[in-house]
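Peer 1: can you look at this prediction? I've put the sequence above it.
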Amino acid sequence: MDKVVEVLPDKSALVNRATILVQEKIESAIASQGQCTIALAGGSTPKPLYEALAQTSLPWEKLHVFWGDERYVLPEHPDSNQNMARQAWLDRIPIPAANIHPMPTASGNPEEDAATYNTELEQFFGQSIPNFPALDIILLGMGDDGHTASLFPHTAALSVGDRLITVGNKDGQPRLTFTVPLINQASNVIFLVAGANKVPALEQVMAAEGDSQQYPSRLISPSGELWWLLDAAAGSKLDITC
Ligand SMILES: O=C(O)[C@H](O)[C@@H](O)[C@H](O)[C@H](O)COP(=O)(O)O
């Protein structure tokens, strides 16, 4: 794993840097494989990145979009990560509908929908457990409690190692999420973290020693490249400058 930590002056610079890095990784994957697979993060931080990517010109027909986690709501719900990414990016580019692979959240049974998405990814990548497919890019955020995707502190999802997709739990609310081994198989994992409220968790996540059950982002240690793009507010206590 190659780990790179960059602290950008502010959120706008963070978004600009992330836009360039994601474009580079998409272009590189397409050049080497003829396509690129990317999993999107939810929450608020990545929205301006998605809006910036909508202004770029890439061979969108060669991009396949997945989600690394999803709230268990219908796609039109304002909390839906799918809804946010479509409005900010995917509805604004000529990407074939078949290239967009949202997490299913409509059956009323989160375990069933997780299994459905698990099967969809196994079929798309042509691999089954115990083999984990390597997505080209996985975008992640980090909560102020140190969670990532929907891998929340001290939840069963943190220990799931025999499937690609599982059901996460945020304060009793179900979410669908990539598992740790699926994330760690990726060629490029890119964290986007902004805001002073993330400082305490970031210090714990970046420390040489720590409690991964309490700070689940510590579990992310991909076989490929690991990028942490931070704004100065979030990275203020880290002795890294770029
Ligand atoms: O569905 C989600 O909310 C995300 O996947 C979640 O893991 C998010 O990335 C973090 O909670 C950070 O959220 P912010 O970017 O809003 O701080």
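Peer 2: On my side now, so go ahead.

Peer 1: number of nearby residues for residue 76?
Peer 2: Neighbours of residue 76 under the rule other C-beta atoms under 10 Å: 9. Just so you know, the C-beta spots here come from the backbone N, C-alpha and C atoms, and that holds for glycine as well.

Peer 1: give me the nearest residue to it, chain neighbours excluded.
Peer 2: residue 83 (6.3 Å; C-beta to C-beta, 6 or more residues apart in numbering).

Peer 1: you'd agree the one you found is up against residue 70?
Peer 2: No - assessed by C-beta atoms under 8 Å, residue 83 is found out of contact with residue 70, at 10.0 Å.

Peer 1: can you tell me who residue 63 pairs with across the strands?
Peer 2: Bridge pairing for residue 63 (DSSP bridges) gives the partners residue 36.

Peer 1: let me know the average pLDDT across the helix or strand containing the residue nearest to residue 76.
Peer 2: Element membership for residue 83, per DSSP states H and E: helix 81-88. Mean pLDDT, helix 81-88: 98.

Peer 1: output the helix-or-strand element of the chain with minimal mean pLDDT as PDB - backbone C-alpha positions only.
Peer 2: Least confident element among the helices and strands of the chain, by mean pLDDT, DSSP states H and E: strand 2-8 (a mean of 94). Extracted as PDB, the C-alpha positions of strand 2-8 are listed here (Å, rounded to 0.1, in the frame of the first residue of the first chain):
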ATOM      1  CA  ASP A   2       1.300   3.500  -0.900                       C
ATOM      2  CA  LYS A   3      -0.200   6.000   1.400                       C
ATOM      3  CA  VAL A   4      -0.200   9.700   0.400                       C
ATOM      4  CA  VAL A   5      -1.600  12.400   2.700                       C
ATOM      5  CA  GLU A   6      -2.100  15.900   1.200                       C
ATOM      6  CA  VAL A   7      -3.400  18.900   3.200                       C
ATOM      7  CA  LEU A   8      -4.900  21.500   0.900                       C
END
